[in-house]
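J.: Okay, sequence plus prediction incoming.
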Amino acid sequence: MEKERVDKEEANKEKIALLVKKFAEKGLLLSPDALEALAVEELSKEKSLETTAHTDESKESGMLVVTKDALKFAEKEKEINWVEFEKAKTLQERKKDDRIYQKFVEYLSSEEKGAELSGEKKVPDSVQIIECYEEISKERSVQDFVDFFNARYKVLEQMLRNRQELENLMTISRAEKKRERETVSVIGLVFSKEKRKNGNIMLTLEDQTDIIKIFFNKNKKELFEMAEQIVLDEVIGVCGTAGDNIIFANSMVRPDIPATIEKKSSPEDGYAIFLSDLHVGSKNFLEEEFNKFLRWINAEAGNESQKAIAEKIKYVFIAGDLIDGVGIYADQDEDLVTKDVYEQYSECARLLSKIPQRIKIIICAGNHDAMRIAEPQPTLYKDFAAELWKLPNVVMVSNPAVVNIGASENFSGFNVLMYHGYSFDYYASDVDMIRMKGGYDRADLIMKFLLQRRHLAPAQSSTLFIPDPHRDPLIITRIPDIFLTGHIHKCTVAQYKNIILISGSCWQSKTAFQIRMGHHPQPARVPIMNLKTREVKILNFEK
């Protein structure tokens, strides 16, 4: 018996030593009390701790000490930012501030609510998540960026390969060997763009075999206008005449949306509402106007016709920026009612809880929300936005995401592409055609621009991004029926090839920052779509 006990202790010591080494390699340091707990409970929590600890974040901030408290909560297998947990515990132990630590404890200790917060809540049948980015926690390398752009290129290239306009299609390396004046077609990514002194445009196009110059003559007016709208990193197809390491362009094609797509309409009566940019927590949040909207959606305000519409609402989409956040821009603290993002999300949840529970609320993040700005953005973090996750009629999705609504036995439903629109700033200011026709006031032009390129941020510099080596989640692979965006605080409704384009309004009056940026907000507007007739009206709740 004594020998068995000694052997067991030795085996446990070996397991603990291996576990300490494993966590150390990931930037995690087990504290003495955690080691003692592991010894007593025979390492039963090893698996759950590995699956819940955010090791990438730990590496960035040094060695994270995993305490006995962390092990105690790890078995619950809930998603949590362990780095922030440890910081909160340090503040609590130093008796500086225990509010954040207590919020962690409440979240991690909950049992019944834990199922909802962990994402196990069943999505209603009338709302199906078609595409939703799931965050991959890993250290990125240079090769990840290479693989990311290769994956993007291959998908967009395949879209273009099906275009009849690209006759005699070949790789760039083969095109370089063709005789002068021979007709060639190539597909490539725009590496550089230069407008010559004589007004002509010269591109450098690259594929996976080589690079080549593409010449656009200003005298070919329609083609030249297309070339003027080209941005770096977009993928295009060019048909032209071969020269000496150059192609003289005769035509150009983009991935674009097919000429004719199905014009869907629901067989059942119902409405969908599209919101964006609530900015709860800002001094400029239009609480009175938002409460007016809440009274209407509860059929407590408006005339009989308006109340009848409110009773038929089935879906509310919110395209990001639920709160104003903290530290988003210089001197933002002067514009905030509260500097606590937990309180901002709690207040937001309180307001949204007033929407009838029969209505499904689909939410994605934006650049003001308490999370990374780099796209794609995952669902709102469950520790910060816990109160929102508790709402029974809320469906959380990533930014971007594709959500199907209203599907039935005889109807495929509407696919709604949700994208907050952080890349819009670049195109509103850097694309001449958009800037000269209104810039920030023309969300419809930006949305059409992106659909034509089948990408939500075709120019690399238009947004911060996280490279996924397997695919680019910002490619518009699935053609939507409805394209919803926000960010620019300007309500717009338009249509492009049977796709309904909707830019959400905002619930924040103009700030000093927006004045400096040249924004012209149009707050408290609510686009509402009749799913049976496809008609979209804009309701005005401004005072």
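T.: Thanks, I have the structure now.
J.: what stretches of the chain score poorly on pLDDT?
T.: The model of the chain has pLDDT under 70 over residues 1-9, 11-13, 15-125, 513-515, 517-518, 543.
J.: Buried residues, the longest strand belonging to the chain. List them.
T.: Counting by DSSP state E, the longest strand found in the chain is strand 183-195. Within strand 183-195, the residues that qualify as buried are V184, S185, V186, I187, G188, L189, V190, K193, counting by 16 or more other CB atoms under 10 Å. Where C-beta positions appear, they are placed from N, C-alpha and C, glycine not excepted.
J.: Quickly find the element holding P527.
T.: strand 525-530 (DSSP states H and E).
J.: Ok, F483 next?
T.: If you go by DSSP H and E, F483 is part of strand 482-485.
J.: ok, then the element right after that strand?
T.: Next along the chain after strand 482-485, taking DSSP H and E as the criterion, comes strand 492-496.
J.: Please find the angle between the direction vectors of that next one and strand 525-530.
T.: Angle, strand 492-496 to strand 525-530, by axes from the mean of the first three to the mean of the last three CA atoms, to 10 degrees: 40 degrees.
J.: Strand 492-496 pairs with which strands?
T.: Sheet pairing of strand 492-496 (DSSP bridges) gives strand 499-503 (antiparallel).
J.: picking up where we left off before, outside of the longest strand of the chain itself, list whatever touches it.
T.: For strand 183-195, the surrounding residues in contact (CB atoms under 8 Å, 6 or more residues apart in numbering) are 149, 153, 157, 160-161, 166-172, 175, 178, 201-207, 211-212, 230-242, 247.
J.: Filter these down to the buried ones and hand me the PyMOL line.
T.: Remark: buried members of the contacts of strand 183-195, expressed as a PyMOL selection using 16+ other CB under 10 Å:
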select buried, resi 149+153+157+160+166+169+170+172+175+178+201+203+204+205+206+207+211+212+230+231+232+233+234+235+236+237+238+239+240+241+242+247
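J.: Filter the contacts of strand 183-195 down to the ones in strands?
T.: Per DSSP E, the subset of these in strands is 201-206, 211-212, 235-242, 247.
J.: need the contact list for K221.
T.: Not one residue lies near K221 by CB under 8 Å, 6+ apart.
J.: With I475 as the reference, measure out to it.
T.: As judged by CB to CB, to the nearest Å, K221 and I475 stand 31 Å apart.
J.: Show me the strands in the stretch 51-200 of the chain, by range?
T.: 64-66, 127-132, 183-195 (DSSP state E, counting those that start in this stretch).
J.: And for the stretch 301-450 of the chain?
T.: Using DSSP E, counting those that start in this stretch, strands in the stretch 301-450 of the chain cover 313-319, 360-364, 394-396, 401-405, 414-418.
J.: quick one, the second one and strand 401-405 angle?
T.: Angle between the axes of strand 360-364 and strand 401-405 is 170 degrees (criterion: the same axes, to 10 degrees).
J.: what comes into contact with strand 360-364?
T.: Residues outside strand 360-364 that contact it (CB under 8 Å, 6+ apart) are 124, 126-127, 314-320, 322, 352, 355, 377, 379-380, 388, 391, 393-401, 403, 405, 416, 418-420.
J.: Just the buried subset of those residues, please.
T.: By 16+ other CB under 10 Å, the contacts of strand 360-364 give 127, 314-320, 322, 352, 355, 377, 379-380, 388, 391, 393-401, 403, 405, 416, 418-420 as buried.
J.: quick revisit: partners of the strand holding P527 in the sheet?
T.: Paired with strand 525-530 in the same sheet, following DSSP bridges, are strand 271-275 (antiparallel), strand 536-540 (antiparallel).
J.: May I have the last one as PDB, with CA atoms only?
T.: Taking Å, rounded to 0.1, in the frame of the first residue of the first chain, the C-alpha atoms of strand 536-540 are listed here in PDB:
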ATOM      1  CA  VAL A 536     -38.400  50.400 -47.200                       C
ATOM      2  CA  LYS A 537     -39.600  53.500 -45.400                       C
ATOM      3  CA  ILE A 538     -37.600  55.700 -43.100                       C
ATOM      4  CA  LEU A 539     -39.300  56.700 -39.800                       C
ATOM      5  CA  ASN A 540     -38.100  60.000 -38.200                       C
END
